[in-house]
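Colleague: pasted the sequence and its predicted model underneath.
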Amino acid sequence: MTTQRPATRTPVSHLPLHVGRGALIGAAEVVPGVSGGTIALLTGVYERLIDTAGHTVTAVRRLVTRDVRGAREQLAQGHWSLVVPLLAGMLVAVVVGASVLEPLIEEHPVGSRAVFAGLVLASISVPALMVGRAWTGRLVLLAVVAGAAAFVLTGLPPASAADPALPVVSLAAAVAICALVLPGVSGSFLLATVGLYEPTLEAVNDRDLAYLGAFALGAAVGLSLFVRLLQHLLSVHRATTLAVMTGLMAGSLRALWPWQTEDRTLMSPDGDVLPVLGLAALGVALVVVLLLLERAAGDHVVAAVDEPSGSSSR
């Protein structure tokens with residue numbers, strides 16, 4: 001049995017940094033092919049987010065059984081001084097990104113995908129290093145299988161749904177929210193695959209409360225069903241879970257290949273290749289700089305994540 005520990009407090013001086021991290025995660029969720037979970041890993045907040053979400057889900061279940069004291073104890077263990085500014089940054093980024101990033105991607109698809117590919121490519125090293133031990137043949141095989149699955153998934157052609165029913169919106173949100181907490185899988189990409197990416201962006205821009213309410217309800221249900229499982233896997237099967245995450249991130253690079261058609265058919269490089277490669281290198285450089293800033297702030301992705309008590313790296 002693991003020992004419950006109180007959540008650590010975040011210095012006030014780190015709040016702007018956490019808001020910025022949240023903004024990066026929120027912006028990633030708007031971009032098809034880029035996973036918010038990947039950015040959370042990259043910025044060193046992933047496991048604390050999962051831990052807080054797990055305690056919140058348990059607290060809600062305690063409230064349903066009228067165990068108010070138990071609910072308070074669960075909520076007290078959340079990393080709220082980190083999560084609240086993160087959520088604020090995510091909210092702003094989603095609203096702004098829905099109106100800014102989407103037309104930018106439409107007008108400059110090749111260059112945009114090149115930058116995002118560089119970001120994800122450099123980020124693959126984060127879960128790979130977090131495994132914390134030499135990679136065995138079994139872990140490599142799991143990563144390869146996960147990568148192949150992500151490669152196939154990201155090759156599915158997008159669907160079209162101009163006026164989706166609200167129950168369909170809730171169901172799609174329940175699945176897409178899992179991508180927020182699973183590095184390598186893009187929630188917005190999954191929405192695009194089922195034809196709900198553009199309707200969701202329009203709902204955000206138009207402040208369609210009915211659509212957004214149905215989406216939020218589905219997301220809450222999906223999160224409650226998935227986050228505890230993922231938290232358990234990270235605690236008991238840490239190395240295996242991180243290896244699968246590494247594979248998912250690698251396989252998801254297919255969605256970010258700069259040269260592809262609207263139905264996601266890959267093409268060979270065309271036109272001025274060097275500028276595109278330069279943009280990809282810029283994405284890699286941004287990740288390197290971000291990791292250096294994390295280390296300088298004393299909150300590096302590998303050192304800052306609290307290892308769950310009693311965890312095993314099986």
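Modeller: Now that the structure is in, tell me what you want to look at.
Colleague: and the residue nearest to Leu279 when sequence neighbours are not counted, how far from Val284?
Modeller: Counting by Cβ to Cβ, 6 or more residues apart in numbering, Ala114 is the residue found nearest to Leu279 once chain neighbours are left out, at 4.0 Å. The C-beta positions use only the backbone N, C-alpha and C, and glycine is treated the same way. The gap separating Ala114 from Val284 is 11 Å, by Cβ to Cβ, to the nearest Å.
Colleague: more neighbours: the two, which one.
Modeller: Between Ala114 and Val284, counting by other Cβ atoms under 10 Å, Ala114 is the more crowded of the two (24 against 17).
Colleague: surely that one is within a helix?
Modeller: Yes: according to DSSP: H, G, I helix; E, B strand; the rest coil, Ala114 belongs to a helix.
Colleague: for Ser252, see how far away it is.
Modeller: Following Cβ to Cβ, the distance that separates Ala114 from Ser252 is 15 Å.
Colleague: same question, Arg207
Modeller: Separation of Arg207 from Ser252 (Cβ to Cβ): 31 Å.
Colleague: which of those two has more neighbours?
Modeller: A side-by-side neighbour count of Arg207 and Ser252, using other Cβ under 10 Å, places Ser252 first with 28 against 9.
Colleague: so how many other residues sit close to Glu106?
Modeller: 9.
Colleague: give the other helices and strands that the helix or strand it falls within contacts.
Modeller: For Glu106, the enclosing helix or strand under DSSP states H and E is helix 80-107. Judged by 3 or more Cβ pairs under 8 Å, 6 or more residues apart in numbering; DSSP states H and E, helix 80-107 is in contact with helix 15-30, helix 46-64, helix 109-123, helix 197-206.
Colleague: dump these into a markdown table; add distance to Leu182 and mean pLDDT as well.
Modeller: A markdown table is the format used below for the helices and strands packed on helix 80-107 (distance: least, Cβ to Cβ, whole Å; pLDDT from 0 to 100):
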| stretch | distance to Leu182 | mean pLDDT |
| --- | --- | --- |
| helix 15-30 | 12 | 83 |
| helix 46-64 | 10 | 85 |
| helix 109-123 | 14 | 85 |
| helix 197-206 | 18 | 81 |
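Colleague: now distance to Ala176 too, for those helices, in CSV please.
Modeller: Formatted as CSV, the helices and strands packed on helix 80-107 follow (distance: least, Cβ to Cβ, whole Å):
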stretch, distance to Ala176
helix 15-30, 9
helix 46-64, 15
helix 109-123, 18
helix 197-206, 9
